[in-house]
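Student: Sequence first, then the predicted structure:
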Amino acid sequence: MSKPLFTDQELKKIEEAVAAAEKKTSGEIVPYFVESSDGYPDAFWKFCGILMVVCNLITALIMEYSGWFFPFGIFETLMAVSGTVLILSLIAIRIPAVLRFAAGKATMNDRVTARAAEAFVSEEVFATRSRTGILIFISNLEHRVLVIGDAGINRKVKPETWNEVAALVVSGIRTGKAADGIISAIAKCGDILESAGVAIQNDDTNEIGNELRIGN
């Protein structure tokens with residue numbers, strides 16, 4: 001049985017952090033976590049293809065110019081090298097750092113942005129009375145965090161203001177303390193909303209649940 005992404009205690013603390021932050025603002029904070037925003041099958045073939053070309057080229061040069069004895073012909077040898085590279089690539093691509101390298105920053109940014117937009121819609125972050133929903137989207141594999149506010153928040157908070165919120169989550173992920181990073185980010189998000197004048201209303205209600213969403 002695989003280890004759960006978050007313990008029950010961590011999930012409870014995250015939910016409490018959202019509740020505490022929302023006591024200071026009419027903003028509805030929605031934390032959303034995915035292990036990755038895409039499977040990146042294209043990254044595997046890119047990584048495998050480049051490695052195969054490099055290894056086969058080196059092998060061919062060695063066979064041609066080294067004078068070493070090879071028991072098989074060049075075709076058989078290169079086929080064996082290709083098969084070995086394929087197997088090693090299947091193993092290596094499971095290492096997160098290798099997959100991130102193979103996928104590339106631009107591709108990861110595109111996939112995370114698309115997945116965050118899906119989460120914004122599926123969780124109906126746009127459906128609050130004053131359009132003050134805000135999504136904290138966390139994609140673990142890519143070490144990417146997007147903070148997306150609805151219209152009522154975007155009128156008062158500049159997009160770059162959320163960089164510090166995102167940095168807190170990323171720092172937590174990189175140090176193996178994702179829950180702590182999320183909790184700190186939620187608290188910071190509440191402070192920013194309060195300072196920006198997204199004030200809590202007398203008749204304010206909790207329009208969106210406080211729990212951490214964990215997507216597929």
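Tutor: Looks like it came in fine. All of these numbers come straight from a predicted model, not from anything done at the bench.

Student: Now do the contacts for the spatially most central residue of the chain.
Tutor: Central residue of the chain (C-alpha atoms, centre = their mean): Ser139, 1.8 Å from the mean position. By C-beta atoms under 8 Å, 6 or more residues apart in numbering, the contact set of Ser139 is 34, 36-37, 112, 115-116, 145. C-beta coordinates here come from the backbone N, C-alpha and C atoms, glycine included.

Student: just checking, which of those belong to helices?
Tutor: Judged by DSSP state H, helices contain the following of the contacts of Ser139: 112, 115-116.

Student: what about burial for those, which qualify?
Tutor: 112, 115-116 (16 or more other C-beta atoms under 10 Å).

Student: out of those, which one sits closest to Ile183?
Tutor: Distance ranking of those against Ile183, using C-beta to C-beta, places Ala116 first at 20.0 Å.

Student: quick one: low-confidence ranges for this protein?
Tutor: Along the chain, the parts satisfying pLDDT under 70 run over 1-4.

Student: Please parse it into its domains.
Tutor: The chain breaks down by automatic domain parsing into domains covering 8-38+111-214, 41-103.

Student: circling back to that earlier point, Serialize the buried ones among the ones in helices among the contacts of Ser139 to a markdown table and add fields for distance to Lys12.
Tutor: Formatted as a markdown table, these follow (distance: C-beta to C-beta, whole Å):
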| residue | distance to Lys12 |
| --- | --- |
| Val112 | 27 |
| Arg115 | 26 |
| Ala116 | 25 |
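
Student: which residues of the protein fall in helices?
Tutor: 8-22, 41-65, 74-92, 96-103, 105-122, 151-154, 163-174, 178-195.

Student: Just name the most buried of the ones you listed.
Tutor: Greatest average neighbour count among the helices of the chain goes to helix 178-195 (a mean of 22), per mean count of other C-beta atoms under 10 Å.

Student: for that one, packing partners?
Tutor: helix 8-22, strand 28-34, strand 133-139, helix 163-174 (3 or more C-beta pairs under 8 Å, 6 or more residues apart in numbering; DSSP states H and E).

Student: Okay, Ile134 and Thr107: tell me how far apart.
Tutor: 26 Å (C-beta to C-beta, to the nearest Å).

Student: I misspoke; the intended subject was Phe70.
Tutor: Phe70 is 38 Å from Thr107, by C-beta to C-beta.

Student: do Val147 as well
Tutor: 21 Å.

Student: just to revisit the earlier point, among the helices and strands packed on helix 178-195, single out whichever gets nearest to Val125.
Tutor: Between the helices and strands packed on helix 178-195, strand 133-139 lies closest to Val125; by C-beta to C-beta that is 3.7 Å.

Student: So what are the sheet partners of that closest one and their directions?
Tutor: Sheet pairing of strand 133-139 (DSSP bridges) gives strand 28-34 (parallel), strand 144-149 (antiparallel).

Student: Sweet, I'm off.
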